[in-house]
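S.K.: This is a predicted model, with the sequence first.
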Amino acid sequence: MMCSIRRKSTGFTLFELLLAVTLLSVLTTLSATGFFKLSSYWGDILLTQRLNHRATSIFSVMALDFENLLSSEVTGTGLRGQRGNYEDNRRFWRLIFEDDRFSLPVEYSTGNEESRDRYLVRYEIERKEGDLKLIRHARPLLSGPDAETATDIFPGVTGMRIKYFDGAVWLDHWEQDGMPKAVQISISIMEAMRDDKHLSRVRTFRTYVN
């Protein structure tokens, strides 16, 4: 008597292979999507850190100027602030940037306690062919405009908004004799080639001279 023995197949069916390929494709797509999202997330974090660092640097320089602010009664000139806007036409839309500027007299030590230099410092945004920079200009107080030099340059600053507190209300400009009680400065910054990413920061500086 002969018996037939069936051997169990150890291979994969076509359906199983197609199912495995489909699952592998789905997992690969999900992994790639998650990777790109994570990379974009970390990229945004690093960008924000860089912009925050730049804003901190700008406000640190301004803070030193306000700490060394001179009285208008001593220098004959005080803080001056002008309100301005800049219109940027890009293709099918129009962008309006705040373009305030201000100047103030300061006094810095030269290293010798008995010798101190006085300067007129001016902040403004320079816009040339899309290259945006916040520039700190300085010149000796008794010198003419030709003696002015750019001492600090901060790239990517798209706007600056300044308000002046006279003790009762906040004003958009300051052309008065004497100093405001406080100055509030708002700046907007972007990274080069990333005009879709902006960061805005605000700092208020007290003045302690007349």
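M.R.: Yep, that arrived. Just so we're clear, the structure is a prediction, and the values are computed from it rather than from any experiment. Numbering: from 1, shown residues only.
S.K.: For the rest of this, base every contact and every neighbour count on C-alpha atoms.
M.R.: OK.
S.K.: List the residues that contact the spatially most central residue of the chain.
M.R.: What sits nearest the mean C-alpha location of the chain, by Cα atoms, centre = their mean, is Ile189, with 2.7 Å. Counting by Cα atoms under 8 Å, 6 or more residues apart in numbering, Ile189 touches 51, 55, 156-159, 198-200.
S.K.: Give me the distance between it and Ser200.
M.R.: From Ile189 across to Ser200, the span is 6 Å (Cα to Cα, to the nearest Å).
S.K.: picking up where we left off before, nearest to Leu18 among the contacts of Ile189?
M.R.: Nearest to Leu18 out of the contacts of Ile189 is His198 (Cα to Cα; 47.2 Å).
S.K.: Same question for the helix or strand where that closest one lies: list its buried residues.
M.R.: His198 is part of strand 194-206, with elements assigned from DSSP states H and E. For strand 194-206, burial by neighbour count (16 or more other Cα atoms under 10 Å) applies to 198-200, 205.
S.K.: And for stretch 48-58?
M.R.: For stretch 48-58, the neighbour count (16+ other Cα under 10 Å) marks 48, 51-52, 54-55, 58 as buried.
S.K.: And for stretch 174-190?
M.R.: By neighbour count on 16+ other Cα under 10 Å, the buried set for stretch 174-190 is 174, 178-183, 185-190.
S.K.: Right, I'll leave it there.
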